[in-house]
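Colleague: predicted coordinates and the sequence they were generated for:
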Amino acid sequence: MSLDLQVRVSGTSYAVPAQESDTLFDLKCRIFSITAIDPATMKLIESGRTLDSEDQLNPKVTLSSLKITSASKIMVVAIPQPSKE
């Protein structure tokens, strides 16, 4: 089933199409294509819970199993990476 997620990045809302069968990595890639924020630096927060944990590496954990629906509001926080000097 298709989802129309509302994703907020730096005060701007984006409509991000997704599927219930998508993984967190799939969702991060979709957000990257819209915002150019590196998926490695993204933290996704939904209703006060951080979605980025071991789940993003597990292909069996889908948006559906995380109870993400079209009504979900997701906030993206970009975590700065230490400079490589």
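Modeller: The structure has been received and is ready for your questions. Every value quoted in this text rests on a predicted model; they were computed, and no experiment measured them. Residues are numbered from 1 along each chain as shown.

Colleague: what number of residues lie near Lys60?
Modeller: The number of residues packed near Lys60 is 7, by other Cβ atoms under 10 Å. For the C-beta atoms, the positions are set from N, CA and C on the backbone; glycine is no exception.

Colleague: gap between it and Ser72?
Modeller: Taking Cβ to Cβ, to the nearest Å as the measure, Lys60 falls 20 Å from Ser72.

Colleague: now Ser33
Modeller: Computed as Cβ to Cβ, the Ser33 to Ser72 distance reads 19 Å.

Colleague: give me the neighbour count for the residue lying closest to Ile79 once chain neighbours are set aside.
Modeller: Excluding the flanking residues, the one nearest Ile79 by Cβ to Cβ, 6 or more residues apart in numbering is Thr41, at 5.1 Å. Neighbour count for Thr41, taken as other Cβ under 10 Å: 13.

Colleague: quick one: pLDDT of Thr41?
Modeller: At Thr41, the model reports a pLDDT of 87.

Colleague: how near is it to Thr35?
Modeller: From Thr41 over to Thr35 the distance is 11 Å, taken as Cβ to Cβ.

Colleague: next: Leu24.
Modeller: Taking Cβ to Cβ, one finds Leu24 at 16 Å from Thr35.

Colleague: so the two - more neighbours on which side?
Modeller: Applying other Cβ under 10 Å to Leu24 and Thr35 shows that Leu24 carries more neighbours, namely 22 against 17.

Colleague: now do the helices in the chain.
Modeller: Taking DSSP state H to define them, one finds helices in the chain at 24-35.

Colleague: where does it have low pLDDT?
Modeller: Filtered on pLDDT under 70, the chain yields the residue ranges 52-57, 81-85.

Colleague: strands of that one, start to end?
Modeller: Using DSSP state E, the strands assigned to the chain run over residues 2-9, 12-19, 42-46, 49-50, 73-78.

Colleague: show me what counts as buried in the first one.
Modeller: Across strand 2-9, burial judged by 16 or more other Cβ atoms under 10 Å covers 3, 5, 7, 9.

Colleague: repeat for the third one
Modeller: Residues of strand 42-46 classed as buried by neighbour count (16+ other Cβ under 10 Å): 42, 44, 46.
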